[in-house]
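>>> Generate a structure from the sequence data that follows.
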Amino acid sequence: MARIGSLLSERRMATVRAGESALAERIQSIFDDVDVVITPGNATGPSRIGAYQRRGGISSLLLVSQRVPFFEIWNLTGQPAASVPWALDRDGVPLSIQLVGRPSDEATLLALSAQIEAARPWGAPATAGVMTARSAARLPASGPAASHAPGWWTATAGR
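Below you'll find the model as predicted:
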C-alpha cells in the first residue's frame with residue numbers, strides 16, 4: 001500500500017489536501033441543525049470466514065470498505081463517532097448503529113450511547129432488524145430525541 005501511495009505525485013496530493021477543508025466544512029454543516037447523526041453500522045452482514053484469504057492487502061481493504069461505507073467520511077473530516085449495538089438480525093447476528101457528533105463533542109455521543117444501552121441492553125433479547133422510526137421512538141424521552149431525515153437518522157437535543 002505504501003508503494004501505491006508513493007505513485008501519487010506531490011501535485012496530486014496538494015490538490016487533494018486543498019479540498020479537505022471545504023469537504024470538512026460541508027460535512028460539518030450538517031451539525032448546524034442536529035446534534036448527532038445516526039447511520040447503520042455496516043452495510044452488510046459479517047464476512048464469511050476465509051473471504052480474504054489469498055487476496056492482497058489492497059483487494060482485502062477494498063472488499064472490507066464496501067461493508068462499512070458509513071465510517072469513512074467521518075474519519076476524513078474528524079467527527080467523533082461510536083458504534084453501538086442495536087439489535088439482532090433474523091439469524092441472531094448482532095447489528096449496530098453509528099453515532100456521529102460534532103467535532104470535539106464526545107460527551108454527547110457517550111451520553112446517547114448510555115441512553116441506548118439503558119433502553120436496549122446488549123445481550124438482552126432484541127427485535128430483529130435495523131433501526132426503524134418505531135424502534136427509534138423507544139429511546140428514552142430525556143436527552144437527545146431521535147427524528148428521521150432522508151438517508152440519515154439525526155438526533156437533536158432541545159432544538
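>>> which one is Leu78 nearest to, not counting chain neighbours?
Not quite, residue 78 is Gly, not Leu. Pro103 (5.5 Å; Cβ to Cβ, 6 or more residues apart in numbering). Every residue, glycine included, has its C-beta placed from N, CA and C.
>>> Quick one: list the elements packing against the lengthiest helix in the chain.
Assignment by DSSP state H gives helix 10-28 as the longest helix of the chain. On a contact count with 3 or more Cβ pairs under 8 Å, 6 or more residues apart in numbering; DSSP states H and E, helix 10-28 meets helix 72-77.
>>> Just the C-alpha atoms of whichever helix or strand comes after the helix it packs on, please, in PDB.
For helix 72-77, the succeeding helix or strand toward the C-terminus, using DSSP states H and E, is strand 81-88. The C-alpha coordinates for strand 81-88 follow below in PDB (Å, rounded to 0.1, in the frame of the first residue of the first chain):
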ATOM      1  CA  ALA A  81     -18.100   8.500  16.200                       C
ATOM      2  CA  ALA A  82     -19.200   5.500  18.100                       C
ATOM      3  CA  SER A  83     -20.600   2.100  17.000                       C
ATOM      4  CA  VAL A  84     -23.300   1.000  19.400                       C
ATOM      5  CA  PRO A  85     -25.100  -2.400  19.500                       C
ATOM      6  CA  TRP A  86     -28.700  -2.100  18.300                       C
ATOM      7  CA  ALA A  87     -30.400  -5.400  17.600                       C
ATOM      8  CA  LEU A  88     -30.000  -8.900  16.300                       C
END
